[in-house]
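Novice: Fold the following for me, if possible:
(chains A, B, C and D)
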2 protein chains.
Amino acid sequence: MPERATVPEGYLEAQLLAKGVRMTRQRKAILRVIETSGEHVDAVTLLERARKLDRKVDRVTVYRTLGMLKKHGLVDELDLMHLHGGQHYYEVKPGRHHLHLACRKCGRVEELHSELLDRLEGQIKREKRFLIADIRVEVGGLCARCQSDGAKP
Amino acid sequence: MPERATVPEGYLEAQLLAKGVRMTRQRKAILRVIETSGEHVDAVTLLERARKLDRKVDRVTVYRTLGMLKKHGLVDELDLMHLHGGQHYYEVKPGRHHLHLACRKCGRVEELHSELLDRLEGQIKREKRFLIADIRVEVGGLCARCQSDGAKP
DNA sequence: TTAAGTGCAAATATTTTGCTGTCAC
DNA sequence: GTGACAGCAAAATATTTGCACTTAA
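Specialist: Next comes the predicted model:
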């Protein structure tokens, strides 16, 4: 049961080709992993999974590809309250922004779409005349399950 | 012209004493700097400034003090879209949450209080039964000034 | 007195850079 | 063919840990 809506396979590749970016074997593998991971992936996990598709993917290429995707506004970078260390997580930039609720106890991340967030974006544009490129809402705390769970880990 | 509302001097120290945390010369200096910096400070800047108050503050003590403050829920950690590198920024946890608008061109960070954010918190609690410990809203993009500035850096 | 805190050195974690060779177009 | 990309090694950045010494309460 994937928790996140995913994106059609080949979406990122198509976007990049449309922008005239070169497509390599390594990039294809990395893009495929980002698209099909039904969760937020960090660079190390991304590397592991991409290597299963193509043994010849290097760690540096993962970072460079992520940088390129950020530059083109195709992925969002999160840190999910650094629940598991200082690394970043990546997701395909969705059409509509959403919130991330990270549970400090079980580590699960829930997502929430909200009309209020859409309206908040409108307020930022209107009142601050700020041109939004990315927006990141991360909430840390205890999920419903962990609150009722008493002391179970 | 400080852009942020600050907190009464001695606030953090009082909070910690009330929690039975020991107060040292080094901690006093670090707390003072966090309270009086009219902006978000990162660990390195914090160290520099704390050293001006007390030469004997070590980098490690800064990190340990920040960790302790986080644990007690007295500061919030931000990364302001990593505009200037991978480090974190800290601010005294405010009574009311606010948004941070980070301009990718000039690097300035604006804050915005919004009733919509308050309502969003309410929605999270009600619909997701999520117990919020921290909430972080960071927006990257172009501020009003940089949009009109044409090509000036 | 003594548990908690500190400094110093070293380690770790994450990401970036330089350079040389390779490949997509 | 050539400019963009990849791999490898090494560096840079940011933060954490181990341990012996110091200090607040």
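Novice: Phi and psi next, for A:Pro8.
Specialist: Phi and psi for A:Pro8, reported as degrees, to the nearest 10, are phi -60, psi 140.
Novice: Could you do A:Val60 as well?
Specialist: Main-chain torsions, A:Val60, degrees, to the nearest 10: phi -60, psi -40.
Novice: need the contact list for it.
Specialist: Under the criterion of CB atoms under 8 Å, 6 or more residues apart in numbering or on different chains, A:Val60 has no neighbours. In this view, the C-beta of every residue, glycine as well, is placed from N, C-alpha and C.
Novice: and whichever residue of chain A sits closest to DNA strand C, what does it touch?
Specialist: Nearest to DNA strand C, among the residues of chain A, is A:Gly85, at 3.2 Å (CB to the nearest atom of the strand). Neighbour list for A:Gly85: empty [criterion: CB under 8 Å, 6+ apart].
Novice: can you check A:Val41 too?
Specialist: Contact partners of A:Val41, counting by CB under 8 Å, 6+ apart, are A:Val33, A:Ile34, A:Arg49, A:Tyr89, A:Tyr90, A:Glu91.
Novice: and the residues you listed, which two are the farthest apart?
Specialist: Spatially, the most separated pair among those is A:Arg49 and A:Glu91, at 14.5 Å (CB to CB).
Novice: For the lengthiest strand in chain A, list every residue counted as buried.
Specialist: Longest strand of chain A, by residue count under DSSP state E: strand A:131-142. Residues of strand A:131-142 classed as buried by neighbour count (16 or more other CB atoms under 10 Å in any protein chain shown): A:Leu131, A:Asp134, A:Ile135, A:Arg136, A:Val137, A:Glu138, A:Val139, A:Gly140, A:Gly141, A:Leu142.
Novice: near DNA strand D, which residues of chain A show up?
Specialist: A:21-22, A:24, A:26-27, A:56-58, A:60-61, A:64-65, A:86 (CB under 7 Å from any atom of the strand).
Novice: mind exporting the longest strand of chain A as CSV, just the C-alpha atoms?
Specialist: What follows is strand A:131-142 as a C-alpha-only set of coordinates in CSV (Å, rounded to 0.1, in the frame of the first residue of the first chain):
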residue,chain,number,x,y,z
LEU,A,131,7.3,34.5,-5.9
ILE,A,132,7.2,31.0,-4.6
ALA,A,133,9.6,28.4,-6.1
ASP,A,134,9.2,25.7,-3.4
ILE,A,135,7.3,25.4,-0.2
ARG,A,136,8.1,23.0,2.5
VAL,A,137,5.8,22.2,5.5
GLU,A,138,7.2,19.7,8.0
VAL,A,139,5.6,18.8,11.3
GLY,A,140,7.2,16.8,14.0
GLY,A,141,5.3,15.2,16.9
LEU,A,142,3.4,12.1,17.7
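Novice: Okay, now the sheet partners of it, with direction.
Specialist: strand A:99-103 (parallel), strand B:131-142 (antiparallel) (DSSP bridges).
Novice: With mean pLDDT as extra columns, can I get those strands in TSV?
Specialist: Converted to TSV, the strands paired with strand A:131-142 look like this (pLDDT from 0 to 100):
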stretch	mean pLDDT
strand A:99-103	97
strand B:131-142	96
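Novice: picking that back up, show residues contacting the longest strand of chain A.
Specialist: Residues contacting strand A:131-142 (CB under 8 Å, 6+ apart): A:73, A:76-81, A:83, A:93, A:97-105, A:117, A:121, A:124-125, B:81, B:104, B:120, B:124, B:130-142, B:147.
Novice: circling back to that earlier point, now the buried members of the residues of chain A next to DNA strand D.
Specialist: By neighbour count, with 16+ other CB under 10 Å, those hold A:Val21, A:Gln26, A:Arg27, A:Val57, A:Thr61, A:Thr65 as buried.
Novice: close enough to count as contact, the fifth one and A:Ala29?
Specialist: No. The criterion here is CB atoms under 8 Å, and A:Thr61 misses it with A:Ala29 at 9.3 Å.
Novice: Strands along chain A, start to end?
Specialist: Using DSSP E, strands in chain A cover A:41-42, A:75-78, A:89-92, A:99-103, A:109-112, A:131-142.
Novice: So which of these is nearest A:Gln15?
Specialist: Between A:Gln15 and those, the shortest gap by CB to CB is with strand A:89-92, which sits at 9.5 Å.
Novice: What is that closest one packed up against?
Specialist: Packing partners of strand A:89-92 (3 or more CB pairs under 8 Å, 6 or more residues apart in numbering or on different chains; DSSP states H and E): helix A:25-36, strand A:41-42, strand A:75-78.
Novice: Okay, now the sheet partners of that strand, with direction.
Specialist: Sheet pairing for strand A:89-92, assigned by DSSP bridges, gives strand A:41-42 (antiparallel), strand A:75-78 (antiparallel).
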